[in-house]
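>>> Got a predicted model here, sequence first, then my questions.
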Amino acid sequence: MNDRVFGVFTLLLTFFYIFSAYIVEESFISDHIGPKTYPYIVSFFLIASSLFLIFKPDIKPKWPEFRKIIEILMTAVILIMYAIFLPVIGFVFSTFFASSFISWRLGAKLSSAYTAGLIISVTIFILFRKILGLSLATGPFGF
């Protein structure tokens, strides 16, 4: 029953997503695909997944233990904090803290998690900002 409820919820959310993409106004200067195509493609896969959950649910779903649910909620809070603090402290520091926490929760030792967070944040910054020339949120130190 849980899968069916989640499938219906995801299906309704997908219809809202399609409607949101539908009401986006296209400018006269846009590429051939336009801003609506990507949401429509994602919606197709969401609808397919939702229908699969509705019509072929798991017979006996195995829920994670309470401790794991708390970890999932903590990770969600960290990602929300990442989005909030990104424009304030910049991409490198935000990504460092978020990826360090996630690495730690995935089983890395604390020192290894910090190392992974540093490597991830600096590598992505160099790749996107310096090599590809994309704009990333800059913090008080300019990176």
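Noted; the coordinates are in hand. Residues are numbered from 1 along each chain as shown.
>>> do you know how far residue 96 is from residue 134?
Look at residue 96 and residue 134: by CB to CB, to the nearest Å, they are 19 Å apart. No exception for glycine: its C-beta is placed from N, CA and C like everyone else's.
>>> which of the two has more neighbours?
residue 96 (21 against 9; other CB atoms under 10 Å).
>>> Can you read off the pLDDT for that one?
Here, the pLDDT recorded for residue 96 equals 96.
>>> can you pull the contacts of it?
Listed by CB atoms under 8 Å, 6 or more residues apart in numbering, the contact partners of residue 96 are 117-118, 120-121.
>>> Ramachandran coordinates for it?
Backbone torsions of residue 96, given as degrees, to the nearest 10, read phi -60, psi -50.
>>> Now for the chain: which helix has the highest residue count?
Determined from DSSP state H, the single longest helix within the chain is helix 66-89.
>>> And the helix or strand residue 52 falls within, what's buried?
Taking DSSP states H and E as the criterion, residue 52 maps to helix 37-55. Neighbour-count burial for helix 37-55 flags 39, 43, 46-47, 50, 53-54 (criterion: 16 or more other CB atoms under 10 Å).
>>> a markdown table please, covering those and showing pLDDT and distance to residue 20.
Listed next are the buried residues of helix 37-55 as a markdown table, based on pLDDT from 0 to 100; distance: CB to CB, whole Å:
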| residue | pLDDT | distance to residue 20 |
| --- | --- | --- |
| 39 | 89 | 7 |
| 43 | 95 | 10 |
| 46 | 96 | 13 |
| 47 | 96 | 15 |
| 50 | 95 | 17 |
| 53 | 91 | 22 |
| 54 | 93 | 22 |
